[in-house]
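A.B. asks: Would you be able to build a 3D model of this:
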Amino acid sequence: MAPNCSKFEHLTLSSAVLQGCLASVLSFLALGCQADSTDLVSSPGSWLSDQTEATGLHFFHDNGMSGKRYFCEIVGPGVALLDIDADGDMDIALNQGHLLVNPEEDPPVRSISMPDQSRPGLRIFRNDGVRKGVPVFVDMTEETGVKSKVYGMGLAVSDVNNDGRPDLLVTGFGVDELWVSNDQGRYENRASEWGVDDERWTTSAIFVDIDRDGDEDLYVCSYVDFDLKNHKPCFGSTSLIDYCGPSSYPSLTDRFYLNDQYREFSDRTVESGIGAYEGAGLGVAASDLDGDGNLDFYVANDGEVNRLWLQTSPLQFSDSALLNGCALNREGQAEASMGAEIVDYDGDGDDDIFLTHLDGETNTLYRNAGKGYFDDVSVESGIGVPSRRWTGFGTVWIDFNNDSWPDLYVSNGAVKLPVERLAKGEIHPLGQPDQLYQNKAGQNFVVMNPDTVPDLQKETVGRGLAWSDLDNDGDADLVLTGNGEAARVLMNNVGQDKSWIGLVPRGPNGMPMAGVKIDLEDPGIEEGKDLSLTRWSRRGGSYLSSHDPRILMGLGNLKGPVNIKVTWPDRTESEVKGLQLGQYHVIQKAGH
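C.D. replies: A predicted model of the protein is given here:
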């Protein structure tokens with residue numbers, strides 16, 4: 001279906017240690033005082049509503065559970081948003097698992113029955129436009145030629161061959177796949193030809209133009225050295241066999257690939273410095289975190305120190321996470337980091353980092369104090385304490401109510417089997433409620449009351465999460481995956497109450513570009529305050545997932561029009577003036 005044309009237009013280290021010691025005491029006291037007094041905020045109407053059934057999105061994740069407790073069963077899957085048919089609205093790709101068979105053991109028997117309509121492999125759903133107020137999705141996998149076989153984990157999107165169509169990387173437990181479009185518009189797995197057919201267990205991945213040559217390069221997180229043959233029994237708090245954690249297996253080295261002018265990827269892991277350390281990588285995000293004009297990577301490692309790969313010179317990276325305050329939490333402890341998401345949540349012009357963690361820990365918010373030095377403000381911000389009960393995975397910063405302040409959504413789902421629920425006969429008792437945090441003018445966050453957002457009360461085994469404006473109405477919707485359960489679509493009900501503008505930065509080939517920086521300055525968003533808004537186009541982040549590549553900026557009560565400055569990945573700049581609000585604008589980069 002054609003797009004809605006009315007919406008589119010053509011510390012140093014020593015001081016850090018001292019700070020950490022003091023912070024540990026303060027944090028402990030704060031946690032003790034606040035653990036039972038979480039502030040909740042009510043809303044006059046539900047911000048989000050579950051419209052999965054109405055959209056026709058029928059997808060059930062096959063985790064392959066058979067009672068063997070294979071580690072990989074509880075990790076996936078991811079979701080990606082992409083315009084695969086170039087009609088102006090976002091389509092959905094959902095990663096799939098399958099029954100895991102160890103040839104050295106007896107044939108497994110499924111623990112979870114799959115619905116009759118479930119189909120094997122990665123599934124792609126076309127957005128057929130809005131009907132009766134919701135977007136409608138149709139399974140178009142067979143039309144694309146995609147026949148994925150890997151036990152899927154993460155998804156990442158880019159136009160790797162410069163033909164103007166999105167291509168799809170599938171990471172997983174097995175050999176990674178790269179589905180590239182051909183001249184007939186169908187897709188072929190060319191991972192081997194392009195040099196990205198990694199056989200190790202890989203998770204999140206991200207495409208971004210690191211060397212500023214016009215094509216997008218690739219970072220792939222690797223997890224641990226587990227396979228069915230080295231599977232071992234692990235135990236929880238009782239004598240019952242539970243799923244293992246990452247400490248049971250050796251960690252792996254992530255991979256960094258350079259795109260060689262749309263012909264192939266070359267492995268630059270060792271030469272770039274990224275191969276210097278192993279880590280159980282689960283999440284990755286990219287941005288210019290130290291403000292030097294170069295893009296950097298931040299990696300969330302499970303139970304180990306996180307990595308801040310600052311690009312110190314062209315294609316050379318150095319891990320500065322410990323020095324810069326974002327390797328450990330404020331107590332100096334490594335946590336079970338899963339999802340990683342970056343945004344300028346406080347409106348000071350530099351990007352901050354948010355991480356999701358295991359229950360018993362808190363999710364972590366690192367505020368950028370300038371030039372890539374970070375402070376752990378999890379407790380002060382109001383985000384830390386409410387998260388202690390839950391295990392967070394997918395996450396997204398997005399301004400749901402379009403008041404110009406990015407809000408925060410966290411998809412939760414356990415990994416440790418609760419004995420009391422097993423005793424009740426539950427086969428997959430890992431469900432937990434999600435959380436939505438409202439940003440209060442960059443000062444702190446309050447948890448949205450589940451009574452006013454009823455769909456937050458539903459317990460799911462949350463994993464992947466990505467945002468998209470699925471109906472092109474100027475507010476952000478969500479697509480969520482659950483482990484061993486159905487995918488969900490949450491539609492936005494409040495974004496239309498405020499002003500907004502949508503921006504679609506495109507490269508010379510017409511494809512949406514990641515790594516584009518947009519600066520908007522206007523004194524009228526908040527009365528009596530000059531507010532600077534900086535946003536980036538980015539697909540990666542969250543957990544195993546790929547977001548809508550467009551930029552959606554909430555502008556509060558601003559009436560417009562607005563002027564923007566665009567900084568492209570190659571550092572060239574352009575200005576666009578007089579942009580009208582309430583619609584999407586394509587921002588085209590000139591060809592070379």
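A.B. asks: contacts and neighbour counts: CA atoms only from here.
C.D. replies: OK.
A.B. asks: quick one: low-confidence ranges for the stretch 401-550 of the chain?
C.D. replies: 522-531 (pLDDT under 70).
A.B. asks: can you map out the strands along it?
C.D. replies: Counting by DSSP state E, counting those that start in this stretch, the stretch 401-550 of the chain has strands at residues 407-412, 435-440, 444-448, 462-468, 477-482, 488-492, 499-506, 517-526, 529-536.
A.B. asks: Look at the residue lying farthest from the centre of the chain and give its secondary structure.
C.D. replies: Here the chain reaches farthest from its C-alpha mean at D106, the gap being 37.2 Å by CA atoms, centre = their mean. Under DSSP: H, G, I helix; E, B strand; the rest coil, D106 falls in the coil class.
A.B. asks: rewinding a little: please identify the deepest-packed of the strands of the stretch 401-550 of the chain.
C.D. replies: strand 462-468 (a mean of 30; mean count of other CA atoms under 10 Å).
A.B. asks: Pull the residues that contact that one.
C.D. replies: 75-81, 90, 392-396, 398, 411-413, 431-432, 434, 476-483, 542-548 (CA atoms under 8 Å, 6 or more residues apart in numbering).
A.B. asks: mind checking how far it is from the chain centre?
C.D. replies: Distance, stretch centre to chain centre, for strand 462-468: 7 Å (CA atoms, centre = their mean, to the nearest Å).
A.B. asks: Restrict it to CA atoms and write it as CSV.
C.D. replies: The C-alpha coordinates for strand 462-468 follow below in CSV (Å, rounded to 0.1, in the frame of the first residue of the first chain):
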residue,chain,number,x,y,z
GLY,A,462,9.9,-10.5,27.5
ARG,A,463,13.0,-10.5,25.3
GLY,A,464,13.2,-8.5,22.1
LEU,A,465,11.8,-5.0,21.8
ALA,A,466,11.8,-2.3,19.1
TRP,A,467,9.9,0.9,18.5
SER,A,468,8.3,2.0,15.3
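A.B. asks: and that strand, which strands flank it?
C.D. replies: Here strand 462-468 has these sheet partners by DSSP bridges: strand 477-482 (antiparallel).
A.B. asks: would you list every one of the helices in the protein?
C.D. replies: Per DSSP state H, the chain carries helices over the ranges 13-34, 52-55, 141-144, 191-194, 269-272, 321-324, 378-381, 419-423.
A.B. asks: on that earlier part again, any idea which of the strands of the stretch 401-550 of the chain gets closest to T52?
C.D. replies: Within the strands of the stretch 401-550 of the chain, the stretch nearest T52 is strand 488-492; the backing value is 4.8 Å (CA to CA).
A.B. asks: Pairing partners for that closest one, with directions?
C.D. replies: strand 48-50 (antiparallel), strand 477-482 (antiparallel).
A.B. asks: Which stretch among those strands approaches S66 most closely?
C.D. replies: Of the strands paired with strand 488-492, nearest to S66 by CA to CA is strand 477-482, at 17.5 Å.
A.B. asks: Can you name the residues in contact with the closest one?
C.D. replies: 48, 61, 77-79, 94, 411, 460-470, 487-492.
A.B. asks: ok, now with 6 Å
C.D. replies: Identification of contacts with strand 477-482 by CA atoms under 6 Å, 6 or more residues apart in numbering yields 461-469, 487-492.
A.B. asks: and if you look at stretch 78-86?
C.D. replies: 90-95, 153-155, 464, 544-548.
A.B. asks: Now do the end-to-end distance for that stretch.
C.D. replies: Terminal residues of stretch 78-86 are spaced 22 Å apart (CA to CA, to the nearest Å).
A.B. asks: Averaged pLDDT, it. What do you get?
C.D. replies: On average, the pLDDT along stretch 78-86 is 97.
A.B. asks: contacting residues around N509?
C.D. replies: Contact analysis of N509 by CA under 6 Å, 6+ apart lists G164.
A.B. asks: what's the distance between it and Q588?
C.D. replies: 9 Å.
A.B. asks: Good, wrapping up.
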